[in-house]
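K.L.:
Quick one, structure for this:
(chains A and B)
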Amino acid sequence: MLAKLTLASLKARKLMVGLTVFSIAVSMFVLFSVEHLRTEVRANFERAVSGVDLIVGARTSQLNLLLYSVFHIGSPSSNITWHEYQKLADMKQVKWAVPISLGDSHQGFPVVGTTPAYFLHYRYADKQALRFVAGEAFDNPKGMVLGAKVAQQLMYQPEQAVVLAHGTGKVSFTKHSQFPFAVQGILDVTGTPIDQSVFVPIESIDVMHKQGFSNFKRQIINKHASKKSNATTQTAGKADGHAEDNAHSPHDEHASHQDAHNNIQLSAIYLGLTSKISTLQVQRSINTDRQAPMSAILPGVALAELWNLMKGIESSLSLVSSLILLAAMLGMLTMLLASMHERQREIAVLRALGANAFLIVLLIECEALCLALTGCILGYLMTNGAIWLLTDFVQTKFGLLISPLGYSDALIHYTILALGLAGLLALGPALSAYRGALNRGLTAP
Amino acid sequence: MSFAVDIENLSFTWPKQDTPTLTIPRWQVAQGEHVFLQGHSGSGKSTLLNLLCGVLVANNGRLSVLDHELNQLSSRQRDRFRARKLGVIFQQFNLLPYLTAKENIQLGQWFTDRANAIKPHTDASEHFEQLTTSLGLNQQLLNKQASTLSVGQQQRVAVARALICQPQLIIADEPTSALDTEHRDRFIDLLLTQSRAHKASVIFVSHDRSLAGAFHSQINMQELNRGHIEQEVSHVS
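P.N.:
So this is what the prediction gives:
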């Protein structure tokens, strides 16, 4: 009966109640989505790289190295040579080494130059290996592997010929039209930046650029248009003859054709070590190598630094959403207080029927909690609705895979916070109604 | 013989006031008696009704309603007593506008059952049928939202709700002030007939002396309230 009474009373004040619930829902929506986005971004970053023990790049901050090598955010300050890569790969503690060359893009998707070993050794999320939904890793210089999102977005099929443009933007001044690739494999969805990446053999990037730079004019344009381009300019023009050779010879083994690789510029190297214990030792030996100014980082440590940096932003976002919740709750309080006047009659009737003052308090508390709970549920649904609507956009635009909002501790905490706040704030009008009921008697105003 | 109301040397002062609003040396209402209590606004009649209902508590004196010493009961006990033994009808606004007429009547029953700590009566529906039929409340009317009923219909529903829990004392505070003469006479007739059938006492408060004829006895608030005569400023509720 009490529930029925509460519901009927709320229903009688539809508009006010609706607006209040909506404002609570909006604030819960903000609260939930900020929290969810925070954890999802974190999860996305953390799942992006899991099997790599060390990432090596030209000397730079560990954050910069991590961001450009794994997430394709920012760019390397300078490159490392194939020679360095060889040296690292030959170290006895190193189990495998995968070179990465960045700087180009195709239709807005970053192009990653690497070796077939990449697909063998790279791990994401919980040490999951990369899987091909179609085809296989490239085995010739003109082979190309697409991330799941790229294939879906551009609707490329296996065997399709693709021409890469130079630069990192969507619009490019130069097109390496003489160097078409053929799609050889398409990767399964990983929920990491790999989905947005186009993979080509690392030696082909080098070759491709040299062809482009044989034209002096283009070289000038490139220098001005895209600073992010690989610093291949130094080598351009030097070894045109080699490049022609490279383009036509298969490279299954990078140990062979040593000379052909000498000009290749690398952005980063992923290292897998034979034993975890040697990680710090190897890192130290790379970092202190006087001949080659390189940095080696542990992905986990670099991520921790990133989270540390993000802490301030995260807590200010949380603060703002909490304040929004508070504002919504104050709105509810205003609504309750405004309704108290017209409800004095209602309370008088209930008192006359034998309702004790406690029941009146309960009734108003019930109502406030009812509003808050409905607001929370609505906010939850709104969050999931927004995720459902925007998930594709966010994945294409930011490379973040946002999973639907499910059950989480934070969710329960925020709901309890909202209910607690509602209950606490409603105590004001409830107690004033209680006192009124005791002192005023049954006379309606 | 037990009394429906038995008052001795009762006085009540509102908080923040110096002189008592109500001072009643002695007043008795027999069981089954229909009393017409006449008084203009500010004469303390609302205060008296609140005391009888157990919503307010007298400062001094003895107040016994249906053999319950209200002064000695706790606030919760008084609430329960009101739910079980009394039927209250207001001037207006008797009903919760957002419930249907039927739900309004059932609400009275719910509070009574709650006070008696029992599950709803088995014969409740039969009693409900009887009562609503005798008050001319048909099914269609009962399912209407209270706010959509006419004033006359609302008053009948209010009587039904006051009587549903078979109270021994009905307190009516200016219930006819919003009614025209025809509706008023019918309402009083209805109320008294039903009360007689349920053997309930009635204390009917009105400023309109012309209604007094239908009742067993009538008393003026000024006669009753000795304290009021000396009092210049009356409490405005």
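K.L.:
Quick check: which element contains residue 184?
P.N.:
No chain was given, so I picked chain A. Per DSSP states H and E, A:Gln184 falls inside strand A:175-187.
K.L.:
actually chain B
P.N.:
For B:Arg184, the element it lies in under DSSP H and E is helix B:181-197.
K.L.:
Strands of chain A, residue ranges please.
P.N.:
Per DSSP state E, chain A carries strands over the ranges A:54-58, A:80-81, A:94-106, A:109-114, A:123-124, A:128-129, A:132-135, A:143-146, A:161-165, A:175-187, A:198-201, A:265-266, A:268-273, A:294-297.
K.L.:
Adding distance to B:Ser150 and mean neighbour count, write the ones you listed out as JSON lines.
P.N.:
In short, each C-beta sits where N, CA and C put it, glycine included. JSON lines is the format used below for these (distance: least, C-beta to C-beta, whole Å; neighbours: other C-beta atoms under 10 Å in any protein chain shown):
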{"stretch": "strand A:54-58", "distance to B:Ser150": "83", "mean neighbour count": "24"}
{"stretch": "strand A:80-81", "distance to B:Ser150": "92", "mean neighbour count": "20"}
{"stretch": "strand A:94-106", "distance to B:Ser150": "77", "mean neighbour count": "23"}
{"stretch": "strand A:109-114", "distance to B:Ser150": "73", "mean neighbour count": "24"}
{"stretch": "strand A:123-124", "distance to B:Ser150": "73", "mean neighbour count": "18"}
{"stretch": "strand A:128-129", "distance to B:Ser150": "74", "mean neighbour count": "13"}
{"stretch": "strand A:132-135", "distance to B:Ser150": "73", "mean neighbour count": "16"}
{"stretch": "strand A:143-146", "distance to B:Ser150": "76", "mean neighbour count": "26"}
{"stretch": "strand A:161-165", "distance to B:Ser150": "80", "mean neighbour count": "17"}
{"stretch": "strand A:175-187", "distance to B:Ser150": "75", "mean neighbour count": "19"}
{"stretch": "strand A:198-201", "distance to B:Ser150": "78", "mean neighbour count": "27"}
{"stretch": "strand A:265-266", "distance to B:Ser150": "90", "mean neighbour count": "24"}
{"stretch": "strand A:268-273", "distance to B:Ser150": "84", "mean neighbour count": "23"}
{"stretch": "strand A:294-297", "distance to B:Ser150": "83", "mean neighbour count": "22"}
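K.L.:
and of these, who's closest to A:His36?
P.N.:
Ranking the strands of chain A by proximity to A:His36 (C-beta to C-beta) places strand A:123-124 first, at 20.9 Å.
K.L.:
gap between the closest one and the chain center?
P.N.:
Distance of strand A:123-124 from its chain centroid, counting by C-alpha atoms, centre = their mean, to the nearest Å, is 15 Å.
K.L.:
who's in contact with that strand?
P.N.:
Outside of strand A:123-124, the residues that reach it under the criterion C-beta atoms under 8 Å, 6 or more residues apart in numbering or on different chains are A:47-52, A:129-130, A:190-192, A:194.
K.L.:
who's the residue most central in space within chain B bridged to?
P.N.:
For chain B, B:Ile171 is the residue whose C-alpha lies nearest the centre (C-alpha atoms, centre = their mean; 1.7 Å). Assessed by DSSP bridges, B:Ile171 has beta-bridge partners B:Val88, B:Ile203.
K.L.:
For chain B, give me the ranges with low pLDDT.
P.N.:
Low-confidence segments of chain B (pLDDT under 70): B:1, B:92-93, B:119-124, B:227-237.
K.L.:
mind running it again at 80?
P.N.:
B:1-2, B:15, B:40-43, B:90-94, B:117-127, B:177-179, B:226-237 (pLDDT under 80).
K.L.:
about what we covered before: gap between the residue nearest to the centre of chain B and A:Met329?
P.N.:
41 Å (C-beta to C-beta, to the nearest Å).
K.L.:
Roughly how far does the residue nearest the centre of chain A sit from A:Pro193?
P.N.:
By C-alpha atoms, centre = their mean, chain A has its centre lying nearest to A:Leu400, at 3.4 Å. Separation of A:Leu400 from A:Pro193 (C-beta to C-beta) stands at 9 Å.
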